[in-house]
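Student: After the sequence you'll find the predicted model.
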Amino acid sequence: MTDTLFGGPALPPAYPERAAWGTAPKLRAWQAQAIESYFATEPQDFLAVATPGAGKTTFALRIATELIERGVVNRVTIVTPTDHLKRQWADAAARVGIAIDPNFKNADGKHGRGFMGVAVTYAQVASKPMLHRAKTEAARTLVILDEIHHGGDALSWGDGIREAFEPASRRLALTGTPFRSDTAAIPFVEYVEDREGIRRSRADYTYGYGEALRDHVVRPVMFMAYSGQMRWRTGTGEEMSASLGAPVTKDITSQAWRTALNPTGEWIPSVLAAADKRLTEVRRAVHDAGGMVIATDHEDARAYAGTLKKITGESPTVILSDDAKASHKIEEFSVGQKRWLVAVRMVSEGVDVPRLAVGVYATSTATPLFFAQAVGRFVRARKRGETASVFLPSVPNLMVLANQLELERDHALDRPEPEADGFVTEDAEMLEANREEKGSDTLEKFKFEALESQASFDRVLFDGGEFGTGGEMGSEDELDFLGIPGLLDADQMSVLLRQRQAEQQSRRRKSTSAVAAPTSDGAPAVIDHRMLTELRNELAKNVSAWSARSGMPHGLVHSELRRTCGGPAVAQANEEQLQGRLKKLQGWFIGRK
């Protein structure tokens with residue numbers, strides 16, 4: 001396809017001279033292909049789905065410049081989810097010569113002189129759709145709908161953009177994440193019926209994570225999963241305990257997960273310290289690499305920032321949605337050298353901070369949409385060999401999402417209502433976004449008091465595989481993976497992970513086959529970390545069963561077992577002590593009969 005940006009027809013008189021248009025960035029192969037696909041038919045509506053970090057902004061602005069030069073449009077309206085993204089789009093547009101006003105307010109009525117259009121939020125459009133309709137009708141308008149999944153009809157945003165932009169000459173919809181799964185159609189998106197009678201969105205062009213990884217457009221992601229023992233008190237006063245990631249009910253998993261994220265426990269400080277060790281290793285090769293913690297609410301974000309300051313000696317940048325200086329802080333962090341950024345929501349979608357290389361997913365939101373957005377902040381490639389590292393609680397929901405990172409999902413209509421699972425639903429997530437994310441807890445309905453949390457290394461997930469045999473915090477088994485070099489391409493990473501896996505398995509075989517002489521206190525000299533984890537999980541399940549049968553709170557069950565069997569708390573107990581408590585519990589069940 002011929003690029004007309006500098007060699008096409010003369011510009012309309014209303015626009016600046018060609019020399020002022022700036023320098024168009026070089027196109028990636030997928031961008032060129034998608035642009036060619038667009039101009040093959042020049043449809044009124046076009047939906048492009050491209051993985052986060054692939055360069056959707058460059059793609060959209062190249063189409064905009066082409067349409068302006070050809071005289072097809074003479075105004076551009078860009079719609080984004082957040083105020084920060086308005087400014088980010090305006091800056092990108094300015095670099096290719098399109099003057100966009102990101103400070104336009106509905107009360108202004110008109111945008112300032114010299115601007116070709118405006119950048120607005122979905123919320124702005126929803127609050128005054130007729131104003132934006134009038135502006136759309138007054139010119140030949142191209143509307144760019146960034147992260148179009150925010151336009152579901154179930155929300156006022158969908159009604160607003162339909163009313164406002166129905167008269168547009170062209171509409172270009174973009175998304176890098178899975179759409180919500182509900183029965184509400186997104187405006188200006190085409191749906192087709194599959195063999196099961198379910199209507200699904202149809203993208204005009206799709207560029208997935210797997211393709212982008214092969215093209216070295218995005219970084220590979222290594223997920224570091226951490227488990228551990230949790231203890232909490234419910235709203236009824238009952239004490240409960242569970243191992244994070246153990247096969248328990250969804251409600252118990254949710255509450256164990258929330259206990260892990262509580263900033264007063266030991267899990268979060270331990271995982272943040274591990275993530276900072278990983279960041280230090282990455283910075284040996286990538287000197288400006290940064291890390292980001294995504295928190296559930298404002299209170300947790302501030303607490304996590306305090307913990308990071310104790311760990312690193314440096315105050316992290318904290319981004320809260322009600323902070324008027326948030327955009328400035330993001331920009332300052334993006335071009336700086338600071339180690340850590342802590343945020344609640346606004347940095348999870350669309351915000352471009354290419355130096356982010358290490359993440360901590362310290363939030364209780366569990367939807368595919370949010371997970372993909374969050375991980376997308378770490379995958380933008382700058383040079384060959386950069387790898388992202390994301391630290392996760394070892395819970396089933398997140399393990400599935402991490403293993404299915406390359407899975408592409410369409411926005412499906414008429415899908416049966418899913419069974420409630422105790423986690424925040426995607427509708428609830430989007431409604432929360434509509435309320436400007438003031439920091440409410442996504443698991444607020446679970447009233448409880450976190451009592452104790454301890455972390456342990458579980459495993460590494462990469463390229464659909466799982467590596468590692470688990471281990472205590474700071475153990476050789478954990479450090480094997482935290483110390484992986486900061487510059488490795490996907491193939492090199494896979495080879496090294498398999499080597500580390502083989503080394504750990506060899507160590508385990510030697511430790512279990514060795515005849516270990518007992519120490520002076522009778523404890524075994526060799527500790528099998530995986531066996532301890534399995535015994536703790538088994539004990540937790542049996543304690544839960546006895547608690548349900550006897551009515552005795554979990555904490556009292558553990559206390560009675562310690563009193564009668566001896567030994568420390570579960571997290572410090574050795575194999576012999578855990579086996580003894582399991583045998584004692586089994587005796588209780590038999591005696592009960």
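Tutor: Nice, thanks for sending it over. Numbers count the residues shown, from 1 in each chain.
Student: any low-confidence regions in this protein?
Tutor: 1-25, 152-155, 178-184, 321-322, 345-351, 405-447, 508-530, 548, 590-593 (pLDDT under 70).
Student: Centre-most residue in it?
Tutor: residue 374 (2.1 Å; Cα atoms, centre = their mean).
Student: which SS class is it?
Tutor: helix (DSSP: H, G, I helix; E, B strand; the rest coil).
Student: so what's it up against?
Tutor: Residues near residue 374 by Cβ atoms under 8 Å, 6 or more residues apart in numbering: 294, 348, 359, 361, 363. Using the backbone N, CA and C atoms, a C-beta is placed for each residue, glycine as well.
Student: Mind giving me the PyMOL select for those, buried ones only?
Tutor: The PyMOL command for the buried members of the contacts of residue 374 (criterion: 16 or more other Cβ atoms under 10 Å) is given here:
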select buried, resi 294+348+359+361+363
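Student: can you pull the contacts of residue 166?
Tutor: Residue 166 neighbours (Cβ under 8 Å, 6+ apart): residue 133.
Student: how close does it get to residue 136?
Tutor: 8 Å (Cβ to Cβ, to the nearest Å).
Student: what comes into contact with the strand or helix carrying residue 546?
Tutor: For residue 546, the host element (DSSP states H and E) is helix 529-550. Here helix 529-550 makes contact (Cβ under 8 Å, 6+ apart) with 227, 229, 238, 240-243, 246-248, 252, 456, 469-472, 475, 477, 508, 552-554, 557-558, 561, 570-571, 574-575, 578-579, 581-582, 585-586, 588-589, 592.
Student: Which among those residues count as buried?
Tutor: Once neighbours are counted (16+ other Cβ under 10 Å), the buried part of these comes down to 227, 229, 238, 240-243, 246, 248, 252, 456, 469-472, 477, 508, 552-554, 557-558, 561, 570-571, 574, 578-579, 581-582, 585, 588.
Student: and these, which of them are in strands?
Tutor: 227, 229, 240, 241, 242, 243, 456, 471, 472 (DSSP state E).
Student: ok, for the third one, nearest residue in space, not its chain neighbours?
Tutor: Right, the one you point to is residue 240. Computed as Cβ to Cβ, 6 or more residues apart in numbering, the closest residue to residue 240 that is not its neighbour in sequence is residue 554, at 4.5 Å.
Student: Now that residue 54 has come up, it's in contact with residue 217, right?
Tutor: Yes - shown here, residue 54 and residue 217 form a contact pair, counting by Cβ atoms under 8 Å, at 5.5 Å.
Student: Out of those two, name the residue with the larger neighbour count.
Tutor: residue 54 (28 against 22; other Cβ atoms under 10 Å).
Student: Determine the three-state secondary structure at the more buried one.
Tutor: Classified using three-state DSSP, residue 54 is coil.
Student: re the thing from before, just to check, the residue nearest to residue 240 is in contact with residue 237?
Tutor: No - contact between residue 554 and residue 237 fails when scored by Cβ under 8 Å: they sit 11.6 Å apart.
Student: Farthest pair within the ones in strands among the buried ones among the contacts of helix 529-550?
Tutor: 240 and 471 (25.6 Å; Cβ to Cβ).
Student: before we move on, back to that, how close does the residue nearest to residue 240 get to residue 566?
Tutor: 19 Å.
Student: on that earlier part again, now distance to residue 47 too, for the contacts of residue 374, in TSV please.
Tutor: Listed next are the contacts of residue 374 as TSV, based on distance: Cβ to Cβ, whole Å:
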residue	distance to residue 47
294	27
348	22
359	28
361	28
363	28
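Student: Show me which of the contacts of residue 374 is closest to residue 144.
Tutor: residue 348 (20.7 Å).
Student: Give me the phi and psi for the closest residue to residue 212 other than its chain neighbours.
Tutor: In space, and not counting its chain neighbours, residue 212 is closest to residue 218: 4.4 Å by Cβ to Cβ, 6+ apart. Main-chain dihedrals, residue 218, degrees, to the nearest 10: phi -130, psi 160.
Student: which parts of the longest helix anywhere in the chain are buried?
Tutor: Looking across the chain with DSSP state H, the single longest helix is helix 490-513. Residues 490, 493, 494, 496, 497, 500, 501, 504, 508 are the ones in helix 490-513 that count as buried (16+ other Cβ under 10 Å).
Student: Confirm that residue 293 lies within a helix, as I assumed.
Tutor: No - the assignment for residue 293, made by three-state DSSP, is strand rather than a helix.
Student: Show me how far the helix holding residue 546 is from its chain's centre.
Tutor: Relative to its chain's centre, helix 529-550 lies at 31 Å (Cα atoms, centre = their mean, to the nearest Å).
Student: Let me have the contacts of residue 374 in JSON lines, extended by distance to residue 337 and secondary structure.
Tutor: Converted to JSON lines, those look like this (distance: Cβ to Cβ, whole Å; DSSP: H, G, I helix; E, B strand; the rest coil):
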{"residue": "294", "distance to residue 337": "21", "secondary structure": "strand"}
{"residue": "348", "distance to residue 337": "23", "secondary structure": "coil"}
{"residue": "359", "distance to residue 337": "18", "secondary structure": "strand"}
{"residue": "361", "distance to residue 337": "24", "secondary structure": "strand"}
{"residue": "363", "distance to residue 337": "26", "secondary structure": "coil"}
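Student: Identify, from the contacts of residue 374, the entry nearest to residue 50.
Tutor: Distance to residue 50 across the contacts of residue 374 (Cβ to Cβ) is lowest for residue 348, with 17.6 Å.
Student: Determine the three-state secondary structure at residue 225.
Tutor: Under the three-state scheme (three-state DSSP), residue 225 adopts strand.
Student: contacting residues around it?
Tutor: 245, 391, 392, 393, 394, 398, 399, 402, 458, 459, 460, 461.
Student: Just confirm the fourth one contacts residue 254, I think it does.
Tutor: What it means is residue 393. No - using Cβ under 8 Å, residue 393 is not in contact with residue 254; the gap is 11.0 Å.
Student: between these two, which one's more packed in?
Tutor: residue 393 (29 against 22).
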